[in-house]
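In: Build me a model:
(chains A and B)
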Amino acid sequence: DTAVSQTPKYLVTQMGNDKSIKCEQNLGHDTMYWYKQDSKKFLKIMFSYNNKELIINETVPNRFSPKSPDKAHLNLHINSLELGDSAVYFCASSPGSLNTEAFFGQGTRLTVV
Amino acid sequence: QKEVEQNSGPLSVPEGAIASLNCTYSDRGSQSFFWYRQYSGKSPELIMSIYSNGDKEDGRFTAQLNKASQYVSLLIRDSQPSDSATYLCAVRNTGGFKTIFGAGTRLFVKA
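Out: Reported below is the predicted structural model:
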């Protein structure tokens, strides 16, 4: 009964490929996020969705396209992968109001070779 | 100026000592503040949340908030080797839909 689950956990792919990461939360939260954690461990927000609507896009290249088919799912598709995309990608969710924390998935370690 | 700043460390303390972790933020309108702990290879997990000025205690952890100084801190009393991790300060922005993280402080507790 994992609260926020991501698949796959590891992803190794070649430059130029297209890949997707899936995320699902069973907490009934309204808000979902994608974060990128680089090799220096800096956790940077990429996208925020509230009730399936895109709220925040932090100047992420348009090769990254999030999709939220319903408020329990937020997937991330990446086109034309580059070496610099190698990182750990975390999905998270929160109830959406101000005074609530985010719950994180286990992360997807993406390696582009 | 970074939106959320932390000393990257590493901070090394002996077992049983008090570890003090500090954080400053730039958005004066921020209302919600969080400390997360992240073990190597794992996802961040919430340690403390604080919303009003002053201290908030939970077991061995105390969070302190000073909105006038835009400063948040986390004290860990009776530090244990199992507390060795990276501690992330996080601030929810004024609009409420973005939680911004600091770069994290690595803490080592020596047995």
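In: can you list the residues of chain B near chain A?
Out: By C-beta under 8 Å from any C-beta of the partner chain, the residues of chain B that approach chain A are B:31-32, B:34, B:38, B:42-46, B:49, B:51, B:86, B:88, B:90, B:92, B:96-101, B:103-104. C-beta: built from backbone N, CA, C; applies to glycine.
In: Could you check how far the most centrally placed residue in chain A is from chain B?
Out: Central residue of chain A (C-alpha atoms, centre = their mean): A:Trp34, 3.0 Å from the mean position. Separation of A:Trp34 from chain B (C-beta to the nearest C-beta, to the nearest Å) stands at 12 Å.
In: ok, back up a step: drop anything exposed from the residues of chain B next to chain A.
Out: Taking 16 or more other C-beta atoms under 10 Å in any protein chain shown as the criterion, what is buried in the residues of chain B next to chain A is B:32, B:34, B:38, B:43-44, B:46, B:49, B:51, B:86, B:88, B:90, B:92, B:96-101, B:103-104.
In: residue ranges of the helices in chain B, please?
Out: Assigned helices in chain B: none (criterion: DSSP state H).
In: in its sheet, what does the helix or strand of chain B with the lowest mean pLDDT sit against?
Out: Least confident helix or strand, chain B: strand B:99-101 with a mean of 89, by mean pLDDT, DSSP states H and E. Sheet partners assigned to strand B:99-101 using DSSP bridges are listed as strand B:85-92 (antiparallel).
In: Any chance you could list what contacts the partner strand?
Out: A:41, A:43, A:98-99, A:102, B:3-4, B:6, B:21, B:23, B:25, B:27, B:30-40, B:44, B:47, B:72, B:74, B:98-102, B:104-107 (C-beta atoms under 8 Å, 6 or more residues apart in numbering or on different chains).
In: thinking again about what came up before, I'd assumed A:Pro66 was in contact with the residue nearest to the centre of chain A.
Out: Yes: shown here, A:Trp34 and A:Pro66 form a contact pair, counting by C-beta atoms under 8 Å, at 6.2 Å.
In: list residues touching both of these two?
Out: With contacts defined as C-beta under 8 Å, 6+ apart, the residues shared by A:Trp34 and A:Pro66 are A:46-47, A:74, A:76.
In: Tell me the bridge partners for the spatially closest residue to B:Gly54 that is not a sequence neighbour.
Out: Counting by C-beta to C-beta, 6 or more residues apart in numbering or on different chains, B:Gly54 lies nearest to B:Leu65, which is 6.7 Å off, once chain neighbours are set aside. On the basis of DSSP bridges, B:Leu65 is bridged to B:Gly54, B:Val72.
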